[in-house]
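J.: Structural data only, the sequence is not supplied:
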Ligand code: PLP
């Protein structure tokens, strides 16, 4: 298999001509498909439809006797904390289940740190001068948008298959006291599918930090979202930080947004005892308590790990063929000559497609052919993909047939954009 860049001028001209014809033919099909966001498909949501009948009239008391109809219990129901603490890898007393969005919990951690400082802060972050966050890239656009919103400067570090470039991370964090935070999606990352290795996690826990209040935002959104039979487990950052003498460094998050209903699931936050006390003190000024009825509903439907894993296996049966449909189409249309490369994640919701120097043009052409994709640059701080190469592909929402069609449209757009690039 040769690379496109190795073809001579005549072969490039021929490829371009053929790519323009295939793309034009596809465009005439007037396809309208949206692949911009990684949302569960309707068939997945149907598998948890029973939640809508739960907990059911007369069923409002939690195991410990809490009446879920009333105010209180900021840290969440005991049975929900126990279950999600086991999943996220923390002690139940250092785990809270609250609200419907883990992003909101990350946001509140940032805002409380800005306004008041975290328990290790010499000063609130908004009085500490220009502060910075490390952003492994490609990464998650909502993280970057949130950071930008509060004027926190973002520093990109390259994300490899087993985590961020740790030599860079260690050097930056050791030298720069303005670096207060770092975003990490440690398992099946959005969007590349990277899985942090145990060695990377150990280094993150141990590395010296110039800022005493440095925090790692450990967003385990895809903690149990496996796409193969292998249920990959990563090392536990919280316990690694404790062992390394940095017990307050890890802020760990997950949610059931892509387990039950996005926007109506459970969000989880776990950290050290000190951080939890600090967070709950501010959270209890913000609200009188979470939606315990939703927590009870979730515990009725999915009371333990085996119920959750059985559901995730059903999802995998729906999702994995869609990823395979994308790979099959990309292999066929982008493999020979090699026009682009792409990831084959073992879990999560996304494939990263790399079209060097022509991602923007590809997304534009795909859009003109009726396939909406995440805007280019979204996976980078300040929406700036320096090599104009990354495209996020989100196969979950569409049906398997639609995914194949969308992948074909994307691949034809890449072929045309890449041949244009070579001709230029
Ligand atoms: N974190 C990551 C990495 C995600 O990909 C997503 C959703 O796509 C979220 C968080 C959203 O989580 P939540 O719905 O709990 O706010």
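T.: Everything's here; your move. All values reported here derive from a predicted model rather than from experimental measurement.

J.: Only C-alpha atoms from now on, for both contacts and neighbour counts.
T.: Noted.

J.: if I look at the most centrally placed residue in the chain, how far off is the ligand?
T.: With distances taken as CA atoms, centre = their mean, the residue of the chain nearest its centroid is residue 190 (3.7 Å). Distance, residue 190 to the ligand, by CA to the nearest ligand atom, to the nearest Å: 5 Å.

J.: So that residue is in contact with residue 343, correct?
T.: No. Look at residue 190 against residue 343 with CA atoms under 8 Å: they stay out of range, at 11.6 Å.

J.: and residue 131, how many residues sit next to it?
T.: Residue 131 has 19 neighbouring residues, counting by other CA atoms under 10 Å.

J.: can you list the weak-confidence ranges in the stretch 101-250 of the chain?
T.: Along the stretch 101-250 of the chain, no part satisfies pLDDT under 70.

J.: ok, then the element right after the longest strand along the chain?
T.: Using DSSP state E, we find that the single longest strand of the chain is strand 153-160. Next helix or strand after strand 153-160 toward the C-terminus (DSSP states H and E): strand 163-164.

J.: Point out the other helices and strands that the helix or strand following that next one packs with.
T.: Proceeding N to C from strand 163-164, the next assigned helix or strand is helix 166-175, under DSSP H and E. If contacts are counted by 3 or more CA pairs under 8 Å, 6 or more residues apart in numbering; DSSP states H and E, helix 166-175 sits against helix 198-206.

J.: Pull out the buried positions in the helix it packs on.
T.: 198, 200-206 (16 or more other CA atoms under 10 Å).

J.: Taking these, tell me the two that lie furthest apart.
T.: Spanning the widest gap among these are 198 and 206, at 12.3 Å by CA to CA.

J.: about what we covered before: which residues make contact with the longest strand of the chain from outside it?
T.: With contacts defined as CA atoms under 8 Å, 6 or more residues apart in numbering, strand 153-160 is touched by 130-138, 144, 147-148, 164-165, 168-169, 194, 380-381.

J.: Domain map for the protein?
T.: Domain ranges of the chain: 4-45+308-423, 79-302, per automatic domain parsing.

J.: Quick one: closest of these to residue 54.
T.: domain 79-302 (5.0 Å).

J.: Tell me the residue of the stretch 301-424 of the chain that sits nearest the ligand?
T.: Of all residues in the stretch 301-424 of the chain, the one sitting closest to the ligand is residue 349 (7.7 Å; CA to the nearest ligand atom).

J.: so that residue touches residue 190, yeah?
T.: Yes. Residue 349 is within contact range of residue 190, at 7.2 Å (criterion: CA under 8 Å).

J.: Neighbours of residue 252, how many?
T.: Neighbour number of residue 252 under other CA under 10 Å is 28.

J.: How about the one 3 residues further on?
T.: Counted with other CA under 10 Å, residues neighbouring residue 255 total 28.

J.: For the residue lying closest to it once chain neighbours are set aside, which residues are in contact?
T.: Excluding the flanking residues, the one nearest residue 255 by CA to CA, 6 or more residues apart in numbering is residue 267, at 4.2 Å. Counting by CA under 8 Å, 6+ apart, residue 267 makes contact with 97-102, 105, 253-257.

J.: Among those, which ones are in helices?
T.: 102, 105 (DSSP state H).

J.: Intersect the contacts of residue 267 with the contacts of the ligand.
T.: Checking the contacts of residue 267 against the ligand by CA under 6 Å from any ligand atom, the ones in range are 101-102, 255, 257.

J.: Next, work out how far apart residue 293 and residue 278 are.
T.: Using CA to CA, to the nearest Å, residue 293 is found at 25 Å from residue 278.

J.: ok, these two, which is more surrounded?
T.: residue 293 (21 against 16).

J.: Give me the spatial nearest neighbour of that one, chain neighbours excluded.
T.: residue 68 is the one closest to residue 293 (CA to CA, 6+ apart), at 5.5 Å.

J.: neighbouring contacts of stretch 56-63?
T.: For stretch 56-63, contacts defined as CA under 8 Å, 6+ apart pick out 67-69, 77-79, 293, 296.

J.: switch the cut-off to 10 Å
T.: Residues outside stretch 56-63 that contact it (CA atoms under 10 Å, 6 or more residues apart in numbering): 54-55, 66-70, 77-80, 292-293, 295-297, 299-300.

J.: Among those residues, the buried ones, what's the PyMOL command?
T.: This is how PyMOL selects the buried members of the contacts of stretch 56-63, with burial counted by 16+ other CA under 10 Å:
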select buried, resi 54+55+68+77+78+79+80+292+293+295+296+297+299+300
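
J.: And the strands in the stretch 151-300 of the chain?
T.: 153-160, 163-164, 179-184, 215-219, 250-255, 267-270 (DSSP state E, counting those that start in this stretch).

J.: Select the longest helix from this protein.
T.: helix 305-334.

J.: burial measure for the residue of the stretch 301-424 of the chain closest to the ligand, as a count.
T.: Count around residue 349 with other CA under 10 Å applied: 29.

J.: residues in contact with it?
T.: For residue 349, the contact set (CA under 10 Å, 6+ apart) comprises 37-40, 188-193, 222, 225-227, 258, 319-320, 323, 393-397.

J.: so residue 84 makes contact with residue 220?
T.: No. When contacts are counted by CA atoms under 10 Å, residue 84 is not listed as touching residue 220 (11.9 Å).

J.: which residues do the two both contact?
T.: Jointly contacting residue 84 and residue 220 under the rule CA under 10 Å, 6+ apart are 254-255, 268.

J.: the inter-axis angle of the longest strand of the chain versus strand 179-184?
T.: 40 degrees (axes from the mean of the first three to the mean of the last three CA atoms, to 10 degrees).

J.: Which residues of the stretch 1-150 of the chain lie near the ligand?
T.: So the stretch 1-150 of the chain meets the ligand at 101-103, 140 (CA under 6 Å from any ligand atom).

J.: before we move on, the earlier item: mind telling me what element the residue of the stretch 301-424 of the chain closest to the ligand is part of?
T.: Residue 349 is part of no helix or strand, with elements assigned from DSSP H and E.
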